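Asks: Build the 3D model from these lines:
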Amino acid sequence: MYYVYLLKSIKTGKHYIGCTSDLRRRFAEHNNGKSFYTKDKRPWELRYYEAFYSQEDAFSREKQLKKNKSGYRELKRRLEKSLK
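Replies: Predicted coordinates:
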């Protein structure tokens with residue numbers, strides 16, 4: 001399985017979108033400062049994830065959410081209360 005996930009920084013309130021084959025390990029890496037891009041905004045909360053059988057599908061969805069503003073806006077609308 002492959003996962004696309006959305007984290008929220010408790011410190012800054014900012015969101016981070018990522019993709020991994022091991023969600024528990026990757027989440028721990030974010031909170032342990034082992035991820036260059038997220039270590040300054042720790043601690044993180046896992047707010048949302050999607051599971052895919054195909055790595056290609058997961059990376060495509062991650063790209064859609066990161067690069068396409070309408071994809072991220074649609075997700076924010078669906079998860080309005082969860083992302084606050």
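Asks: Tell me how many other residues crowd residue 18.
Replies: Residue 18 has 21 neighbours, counted by other Cβ atoms under 10 Å. C-beta: built from backbone N, CA, C; applies to glycine.
Asks: my read: it touches residue 2, true?
Replies: No: under the criterion of Cβ atoms under 8 Å, residue 18 is not in contact with residue 2, lying 11.1 Å apart.
Asks: contacting residues around the lengthiest helix in the chain?
Replies: With residue count as the measure and DSSP state H as the assignment, the chain has helix 55-67 as its longest helix. For helix 55-67, the surrounding residues in contact (Cβ atoms under 8 Å, 6 or more residues apart in numbering) are 2-4, 6, 17-19, 21, 50, 52, 71-72, 75.
Asks: quick check, nearest of these to residue 32?
Replies: Ranked by distance to residue 32 (Cβ to Cβ), the contacts of helix 55-67 are led by residue 18 at 14.7 Å.
Asks: That closest one - nearest residue in space that isn't next to it in sequence?
Replies: With Cβ to Cβ, 6 or more residues apart in numbering as the criterion, residue 18 has its nearest non-adjacent residue at 5.7 Å, and that residue is residue 5.
Asks: The one you found: what secondary structure?
Replies: Here residue 5 is recorded as strand under DSSP: H, G, I helix; E, B strand; the rest coil.
Asks: What residues are bridge-paired with it?
Replies: Taking DSSP bridges, one obtains residue 18, residue 49 as the residues bridged to residue 5.
Asks: was I right about it contacting residue 15?
Replies: No: here residue 5 lies out of contact with residue 15, judged by Cβ under 8 Å, at a distance of 10.5 Å.
Asks: Which of those two has more residues huddled nearby?
Replies: More crowded of residue 5 and residue 15, by other Cβ under 10 Å: residue 5, with 22 against 18.
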